[in-house]
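[1] quick check, what structure comes out for this input:
(one chain, ligands or ions: 2)
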Amino acid sequence: SCKEAMSESGINAERLLGAQTDNANWLTYGRNYEEQRFSPLSDINTDNVGELGLAWSADMDTARGQEATPLVIDGIMYFTTAWSKVKAYNAVTGEELWTYDPEVPGETAVKACCDVVNRGLATWGDHLFLGTLDGRLVKLERDTGTVVWEKVTVDQDKSYTVTGAPRVIDGKVLIGNGGAEFGVRGYFAAYDAGSGDELWRFYTVPAGDEDESSPEYLQKAAETWSGDVLGSESGIGGGGTVWDAMAYDPELDLLYIGVGNGSPWNRSYRSPGEDGTGEGDNLYLSSIVAVRPETGEYVWHYQTTPGETWDFTATQHIMLADLEIEGTQRKVLMQAPKNGFFYVLDRETGEFISGDPYVPVNWATGIDENGRPIENPETRIDKTGKPALVAPGALGGHNWHPMAFHPDEGLVYIPAMEAAMVYAPEADWKPDTNRGFNVGFDLAAGDLPPDEGFRREVAGTLTGRLIAWDPVAQKPRWTVEHEGPWNGGLLATGGGLVFQGTAGSEFNAYNAATGDKLWSFAAQTGVVAPPITYTVGGEQYIAVLAGWGGAYALSVDGDLMKRKAPVRNVSRMLVFKIGGTAELPAEVEVAQIPLDPPPSRAAADVIAAGGKSYARYCAVCHAPGAVGSTVLPDLRRSGTLDNKAAWQSVVHDGLLKDRGMASFSGSLTPDQIDAIREWVIFRANQDKVMASEQ
Ligand SMILES: O=C(O)c1cc(C(=O)O)c2c(n1)C(=O)C(=O)c1cc(C(=O)O)[nH]c1-2
Ligand SMILES: [Ca+2]
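    Ligands and ions are numbered 1, 2, ... in the order given. Got it, this is the predicted structure:
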C-alpha cells in the first residue's frame with residue numbers, strides 16, 4: 001500500500017550511514033557523510049559515455065545562480081533553486097510533483113554577499129530540511145512540500161543569510177549561516193528534527209566579553225584577538241561564518257565544520273595591536289573545527305590562515321578518506337580552502353600531515369612542519385597599509401564548488417581557479433551594519449579602467465582548471481585547462497568518469513584516470529552546481545542543475561572577460577541517460593542594450609565620491625566598473641541614468657526591493673546616491689569612448 005511504501009522510504013540513521021552503497025539514491029549533500037561525491041555506478045562508463053543524451057530537462061523560475069546538489073530518494077528528485085525555493089520531480093519522466101516557495105523578501109538580497117543562492121536540502125524521516133536566505137530552517141513533508149514547522153535561526157535584524165545545505169546526524173539538523181562581509185559573528189547550530197528546538201549553538205569567534213564562565217575554547221580564542229573592539233555595540237562581529245562545508249566521521253563521532261573569514265577582512269580594524277596594525281591569529285577564523293555532534297563540544301581545530309585578512313575562508317569542501325601515507329593507513333581530512341594550499345590532516349587529532357599549493361600562491365612561500373604558513377610580508381596588507389596584488393584573491397584558488405574523490409584512482413578532483421586580486425586598505429574605515437560590503441578595503445582599487453595598471457594585471461591571471469590532485473604524492477596527476485574561472489562542482493563515478501559543467505557553457509565527462517574529454521553537451525548557460533547520479537528501475541541517470549551565478553558571476557564577470565561573450569544564465573535542470581533523445585529549447589539570443597549614456601558633466605570630486613560609495617555599496621552585485629553581468633543589471637546601460645528622480649526612487653526609496661534591489665536610504669544620503677549616478681555616467685562614457693576606438 002501507499003502507506004507502507006512511505007514508511008519504507010523513511011530516512012533513518014542506518015540509511016544515512018549506508019549512503020555510500022545505496023547506489024540508486026543520493027541521500028545527503030556530499031552523497032555520504034565523508035562528502036566524497038563518488039558513486040560506484042558504472043553502467044555509464046568510459047566505453048559508452050559518448051552515447052549519453054538528454055533524458056529530460058526542466059526550466060526554473062529564477063534566473064539567478066543555481067548551486068544546488070539534488071537529493072534523489074526512491075525515484076523522486078528534490079532540489080533547491082535560487083531564492084531558496086524547493087522543487088520535486090519524478091526523476092525518470094521529469095514531471096513536476098510540487099514546488100515550495102518560502103517567499104524570502106526580495107530585499108534580503110542586499111545581505112547576501114554572493115548572489116541569492118542555495119546549495120541544497122537534507123532529509124530525515126519523511127521530511128526535507130531547508131535553510132532559507134533570510135535565515136529560517138524549514139521542515140517540509142517530502143511527499144507534498146507542505147510546511148511542518150519553520151524556525152528563525154539568526155537575528156534577522158543583522159545581515160545573516162543561509163545559503164548552505166543543512167546536514168542531519170541521528171535526528172539532529174545542523175545548520176550554519178553567512179554574513180562575514182557584513183559584520184556578523186559566526187556560529188552554527190543543531191536543531192531537533194522532530195520538535196525543531198535548538199539543541200546547541202557553537203560560536204566560532206569570541207564576543208569580546210569572555211570570562212571564566214565562558215566555554216574554554218572561546219576563552220582560548222579570545223586570547224588570540226587584540227584591541228577590545230569586538231562586540232555587537234561596535235558593529236564588529238568578527239566573522240567566522242560557517243556557510244558551507246561540514247563532514248562527519250561516524251566511527252570517531254566527530255563532526256567537522258569549515259570556518260570562514262574575518263569581519264571585517266582587514267585585521268587592523270577587528271584586531272588592532274598597539275601600533276594600530278593587525279595582530280593575533282584570531283581563532284577560529286579560517287579553521288577546520290571538530291566537534292561532538294551530540295553536544296557541540298569542541299574537540300580540536302586546525303587554522304589554515306592565522307590572522308586571516310584576505311577573505312581566506314576555510315569553508316570550502318571538507319572531504320574524509322582513508323589513505324596510505326608513508327606505509328601507514330591514515331584517517332585523513334582533506335580541504336582545498338581559498339588560500340591556495342591543499343591540506344591533508346589527521347582527522348582524529350587535527351594533526352597537520354601536508355599542505356601544498358594547488359594553484360599559484362604569493363601570500364605564503366609554504367607551510368612549515370607545524371602547519372603554519374610562511375608569509376610573504378608584502379602581502380600582509382593589514383600591517384603594511386599598502387595595496388598589494390595577492391594570489392589567490394578573495395574568490396580563492398577554490399570556492400564552494402564541491403570536489404570529488406575517486407577511491408580507485410586515489411585522486412581528489414578540484415574545480416580550481418586563478419583569480420588574484422588587489423587589496424587596498426581603506427583609511428578611516430568605519431563599520432556600517434546597515435548596508436554594504438563592509439570589509440575595510442577600498443574595492444574600487446580593482447576598478448580602474450581596463451587599460452590601467454592593476455586592472456589589467458588582475459585580468460591577466462583569470463583562469464580556471466580541473467585538477468586531478470594526488471593527496472599522497474602532493475601534486476596533480478593531470479589537469480584540464482578551462483576558458484576562465486568559476487567552473488562547476490564535480491562528480492566521480494565507478495564508470496571511470498568525472499563530470500563537470502563549465503563557465504564556458506558546457507557539461508563535460510572526462511576519463512577519471514587521464515583527464516581525456518570523452519563527452520560534451522552544449523548547456524546554453526554557465527554551469528556552477530555539481531552533478532549527481534542515481535538509478536531508477538535499473539537505469540543510470542546523471543543530473544546537474546544548470547544556471548550561471550554566484551560571487552564571481554556578479555562581481556567580476558563581464559568587462560574583465562572582454563575577450564569572451566558574457567556568460568549567460570539559463571536556469572534549468574538537465575538529466576541524462578544512455579541513448580537519451582530529448583532536446584533543449586532553442587537558444588534565445590541576448591540582445592544587448594546599446595551603450596548610450598548621457599554626457600558626463602559632474603565635477604570631478606562628485607564623481608570620485610560617487611565611485612567610492614559605488615565600490616562600498618554597489619560593486620559586489622553590479623560588478624566593479626558598473627559593468628553588470630547577465631544575472632544583474634549593467635548600470636552603464638540603465639535607462640534611469642539621466643533621470644535623477646527615477647534613480648532616487650530605486651536606490652533611496654526602494655522601488656524595486658521585491659526584486660532584490662533594497663533601499664540604501666539608511667546608509668546613503670540623496671546627494672551621495674546622486675553622486676553614484678554621476679560616477680556611473682562617467683564610467684559609461686569611458687567605455688563608450690573605448691568601444692568607439694576599437
Ligand atoms: O563570509 C561569508 O559569510 C560568506 C558567505 C558566502 C555565502 O553564504 O554564500 C560566501 C562567502 N562568504 C564568500 O566569501 C564567497 O566567496 C562566496 C561565494 C559564494 C557563492 O555562492 O558563489 N558564496 C560565498
Ligand atoms: Ca566571505
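
[2] could you use CA atoms for every contact and neighbour count after this?
    Will do.

[3] surely Thr93 meets Trp56?
    Yes: look at Thr93 against Trp56 with C-alpha atoms under 8 Å: they come within range, at 6.8 Å.

[4] looking at the two, which has the bigger crowd around it?
    It is Trp56, of Thr93 and Trp56, that has more neighbours when counted by other C-alpha atoms under 10 Å, with 21 against 13.

[5] could you check whether stretch 51-68 is close to ligand 1?
    No: shown here: stretch 51-68 not in contact with ligand 1 (C-alpha under 6 Å from any ligand atom), separated by at least 7.1 Å.

[6] now do that stretch: distance to the chain's middle.
    19 Å (C-alpha atoms, centre = their mean, to the nearest Å).

[7] can you check stretch 498-506 too?
    That offset, for stretch 498-506, works out to 17 Å (C-alpha atoms, centre = their mean).

[8] is ligand 1 within reach of it?
    No: counting by C-alpha under 6 Å from any ligand atom, no contacts exist between stretch 498-506 and ligand 1, the nearest distance being 12.9 Å.

[9] kindly report the residues of this protein close to ligand 1.
    114, 117, 163, 178-181, 241, 243, 260-261, 395, 550-551.

[10] filter these to the buried ones?
    114, 117, 163, 178-181, 241, 243, 260-261, 395, 550-551 (16 or more other C-alpha atoms under 10 Å).

[11] tell me which of these fall in helices.
    Ala551 (DSSP state H).

[12] dump the buried ones among the residues of the chain next to ligand 1 to a markdown table, plus distance to Asp674 and pLDDT.
    Converted to a markdown table, these look like this (distance: C-alpha to C-alpha, whole Å; pLDDT from 0 to 100):
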| residue | distance to Asp674 | pLDDT |
| --- | --- | --- |
| Cys114 | 25 | 93 |
| Val117 | 30 | 98 |
| Thr163 | 33 | 98 |
| Gly178 | 31 | 98 |
| Gly179 | 28 | 96 |
| Ala180 | 28 | 96 |
| Glu181 | 25 | 94 |
| Thr241 | 34 | 98 |
| Trp243 | 35 | 98 |
| Gly260 | 35 | 98 |
| Asn261 | 33 | 98 |
| Leu395 | 30 | 93 |
| Gly550 | 28 | 95 |
| Ala551 | 26 | 92 |
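
[13] farthest-apart pair in the buried ones among the residues of the chain next to ligand 1, please.
    Val117 and Asn261 (19.0 Å; C-alpha to C-alpha).

[14] element containing the most centrally placed residue in the chain?
    Nearest to the geometric centre of the chain sits Trp400, at 3.9 Å (C-alpha atoms, centre = their mean). Taking DSSP states H and E as the definition, one finds Trp400 inside no helix or strand.

[15] that one reaches His317, doesn't it?
    Yes: contact criterion C-alpha under 8 Å: Trp400 and His317 qualify, at 6.6 Å.

[16] now list whatever residues contact both of the two.
    Residues touching both Trp400 and His317 (C-alpha atoms under 8 Å, 6 or more residues apart in numbering) are Asp244.

[17] hmm, back to that, contact partners for the residue nearest to the centre of the chain?
    244, 315-317.

[18] now it, what are its backbone angles?
    phi -80, psi -20 (degrees, to the nearest 10).

[19] cool, and Tyr78?
    phi -120, psi 130.

[20] residues contacting the residue lying closest to it once chain neighbours are set aside?
    Nearest residue to Tyr78, sequence neighbours excluded (C-alpha to C-alpha, 6 or more residues apart in numbering): Ala88, at 4.5 Å. By C-alpha under 8 Å, 6+ apart, the contact list for Ala88 reads 76-79, 96-99.

[21] now do Gly94
    56-58.

[22] Lys475 and Tyr358 touch, don't they?
    Yes: under the criterion of C-alpha under 8 Å, Lys475 makes contact with Tyr358 at 7.5 Å.

[23] separation between the closest residue to ligand 1 within the stretch 51-200 of the chain and Thr161?
    At 3.3 Å from ligand 1, Gly178 is the closest residue in the stretch 51-200 of the chain, using C-alpha to the nearest ligand atom. The gap separating Gly178 from Thr161 is 5 Å, by C-alpha to C-alpha, to the nearest Å.

[24] identify the contacts common to those two.
    Ala112.

[25] who touches the single nearest residue of the stretch 251-400 of the chain relative to ligand 1 in this structure?
    Residue nearest to ligand 1 within the stretch 251-400 of the chain (C-alpha to the nearest ligand atom): Leu395, separated by 5.0 Å. Shown in contact with Leu395 (C-alpha under 8 Å, 6+ apart): 338, 419, 551-552.

[26] among those residues, who's most crowded?
    Ranking the contacts of Leu395 using other C-alpha under 10 Å puts Lys338 first, with 31 neighbours.

[27] just checking, Phe664 is part of a helix?
    No: secondary structure of Phe664 (DSSP: H, G, I helix; E, B strand; the rest coil): coil, not part of a helix.

[28] ok, it - how many residues close by?
    22.

[29] surely it and His652 touch.
    Yes: counting by C-alpha under 8 Å, Phe664 touches His652, with 5.4 Å between them.

[30] one step back: would you confirm that the residue of the stretch 51-200 of the chain closest to ligand 1 contacts Val162?
    Yes: taking contacts as C-alpha under 8 Å, Gly178 lies within contact range of Val162: 5.9 Å.

[31] joint contacts of these two?
    In contact with both Gly178 and Val162: Trp243, using C-alpha under 8 Å, 6+ apart.

[32] show me where the stretch 401-550 of the chain has its helices.
    Counting by DSSP state H, counting those that start in this stretch, the stretch 401-550 of the chain has helices at residues 453-460.

[33] and if you look at the stretch 201-350 of the chain?
    216-222, 267-270.

[34] got those as JSON lines, with mean pLDDT, mean neighbour count and distance to Gly231 columns?
    Output for those, formatted as JSON lines (pLDDT from 0 to 100; neighbours: other C-alpha atoms under 10 Å; distance: least, C-alpha to C-alpha, whole Å):
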{"stretch": "helix 216-222", "mean pLDDT": "98", "mean neighbour count": "18", "distance to Gly231": "12"}
{"stretch": "helix 267-270", "mean pLDDT": "97", "mean neighbour count": "29", "distance to Gly231": "10"}
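
[35] avg pLDDT for stretch 86-99?
    On average, the pLDDT along stretch 86-99 is 98.

[36] alpha carbons only: can I get that stretch in PDB?
    Provided in PDB are the C-alpha atoms of stretch 86-99 (Å, rounded to 0.1, in the frame of the first residue of the first chain):
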ATOM      1  CA  VAL A  86      12.300  23.800  -3.400                       C
ATOM      2  CA  LYS A  87      11.200  21.600  -6.300                       C
ATOM      3  CA  ALA A  88      10.200  17.900  -6.500                       C
ATOM      4  CA  TYR A  89      10.300  16.000  -9.800                       C
ATOM      5  CA  ASN A  90       9.700  12.400 -11.000                       C
ATOM      6  CA  ALA A  91      13.400  11.500 -11.600                       C
ATOM      7  CA  VAL A  92      12.600   9.400 -14.700                       C
ATOM      8  CA  THR A  93      10.000  11.500 -16.500                       C
ATOM      9  CA  GLY A  94      10.700  15.000 -15.300                       C
ATOM     10  CA  GLU A  95       7.100  15.500 -14.300                       C
ATOM     11  CA  GLU A  96       7.000  18.300 -11.700                       C
ATOM     12  CA  LEU A  97       5.400  17.000  -8.400                       C
ATOM     13  CA  TRP A  98       5.400  20.000  -6.200                       C
ATOM     14  CA  THR A  99       7.100  23.300  -5.600                       C
END
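
[37] perfect, that will be all.
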